[in-house]
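Student: Here's my sequence, what's the structure:
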Amino acid sequence: MIPNLRQSDLLNEVRARGSVSVEALAEKFGVTLQTVRRDVQRLAEAGLVARFHGGVRVPASTTENIAYRQRQALQAEGKARIARAIAARIPSGCSLILNIGTTTEAVARELLHHRGLRVITNNLNVAMILADNADCELVMVGGMVRSRDRGVVGEAAVDFIRQFKVDIGLIGISGIEEDGSLRDYDYREVLVARTIIEHSREVWLATDHSKFMRPAMAEVGRLPQLDLLFTDATPPDPFPALLSEAGVELVVADT
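Tutor: Residues are numbered from 1 along each chain as shown. This is a model prediction of the structure:
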């Protein structure tokens, strides 16, 4: 299809934000919900967007993640709010693991003034940020460095993390499907995330709202393995019920 001007603007908005609700699109463009749904239907039929309950997002591959630089820009404001909410819950003097992801990098920035932390990470970007906190004992995981986002993955990273048991394991993921599975793309990264879950007394998940209903190939874990889930907007159905059934505390970061 060749989108008209409004549809082109709508498509650019979705691409800029990663995902957005139908209501927000209607308000932004000053049209009815019915008009937005009709535009979304046409764009979805052309493979330009993907629909989910109550909203629309960029099309998702189950085998390949969005490029790192694009992920840095997507949902940046929401990730910053999530990071502040997480940092407020992390006490000084605790031990934690931060894994790969732009959201965990945002959390690291919010931890620069925490005192007495012991942080293990397989994310070189996180390590570079927290190196500026002189009162943080920082441990860098060894292994193979993934050049596209400076994540450390592979069996060596898994073996390294197995040496520890931390208070909080903070993970980010690429998608949560409606069956309650937590998913990612790179199986080497998945192995590291699974090990973090196994070697943490509490498991916290940091994920912006665009990750709900987003498919990915490899399963990291399932909702009952989490203690807290931090996000920037109330998750769509069926996730509130799934989280309640799993006994997971949901924290929606304040605007």
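Student: so what's the backbone phi/psi at the closest residue to Thr32 other than its chain neighbours?
Tutor: Of all residues not flanking Thr32 in the chain, Ala26 sits nearest, at 6.3 Å (C-beta to C-beta, 6 or more residues apart in numbering). To be clear about C-beta, it is placed using only N, CA and C from the backbone, and glycine gets the same treatment. Per-residue torsions, Ala26: phi -60, psi -40 (degrees, to the nearest 10).
Student: So Ala26 sits against Leu33, correct?
Tutor: Yes. Counting by C-beta atoms under 8 Å, Ala26 touches Leu33, with 5.0 Å between them.
Student: These two: who's more crowded?
Tutor: Under the criterion of other C-beta atoms under 10 Å, the comparison of Ala26 against Leu33 puts Ala26 first, with 16 against 12.
Student: any idea how far Arg38 is from the more buried one?
Tutor: 11 Å (C-beta to C-beta, to the nearest Å).
Student: Okay, and Thr195 sits in which element?
Tutor: Here Thr195, judged by DSSP states H and E, is contained in helix 187-198.
Student: need the helices for the chain, in chain order.
Tutor: 5-17, 22-29, 33-45, 68-73, 76-89, 102-110, 124-130, 155-161, 187-198, 239-246 (DSSP state H).
Student: so who does Arg37 touch?
Tutor: Residues near Arg37 by C-beta atoms under 8 Å, 6 or more residues apart in numbering: Val22.
Student: Look at it and report its pLDDT.
Tutor: The model reports Arg37 with a pLDDT of 92.
Student: just the one 10 residues further on next, same as before
Tutor: Reading off the per-residue confidence, Gly47 sits at a pLDDT of 75.
Student: For it, give me phi and psi.
Tutor: Residue torsions, per degrees, to the nearest 10, at Gly47 are phi 80, psi 10.
Student: what about it, how many residues close to it?
Tutor: 9.
Student: ok, it touching Leu11?
Tutor: No. The pair Gly47 / Leu11 is not scored as a contact, 11.6 Å apart, by C-beta under 8 Å.
Student: For the closest residue to Gln7 other than its chain neighbours, which residues are in contact?
Tutor: Distances taken as C-beta to C-beta, 6+ apart place Asp39 nearest to Gln7, at 4.9 Å, with adjacent residues excluded. Asp39 makes contact with Arg6, Gln7, Leu10, according to C-beta under 8 Å, 6+ apart.
Student: Could you count how many residues lie near the first one?
Tutor: When counting by other C-beta under 10 Å, one arrives at 14 neighbours for Arg6.
Student: Spatially nearest residue to it, not counting backbone neighbours?
Tutor: In space, Arg6 is closest to Phe29, 6.3 Å off (C-beta to C-beta, 6+ apart).
Student: do the same with the last one
Tutor: Ranked by C-beta to C-beta, 6+ apart and with sequence neighbours excluded, the top spatial neighbour of Leu10 is Asp39, at 5.5 Å.
Student: Now do the same for stretch 127-144: mean pLDDT, whole number.
Tutor: 94.
Student: Identify the residues contacting that stretch?
Tutor: Taking C-beta under 8 Å, 6+ apart as the rule, stretch 127-144 contacts 105, 108-109, 111-122, 124, 152-158, 160-161, 188, 192.
Student: Mind listing what's buried along it?
Tutor: Using 16 or more other C-beta atoms under 10 Å as the test for burial, stretch 127-144 gives Ala127, Ile129, Leu130, Asn133, Cys136, Leu138, Val139, Met140, Val141, Gly143.
Student: That concludes my questions; thank you for your assistance.
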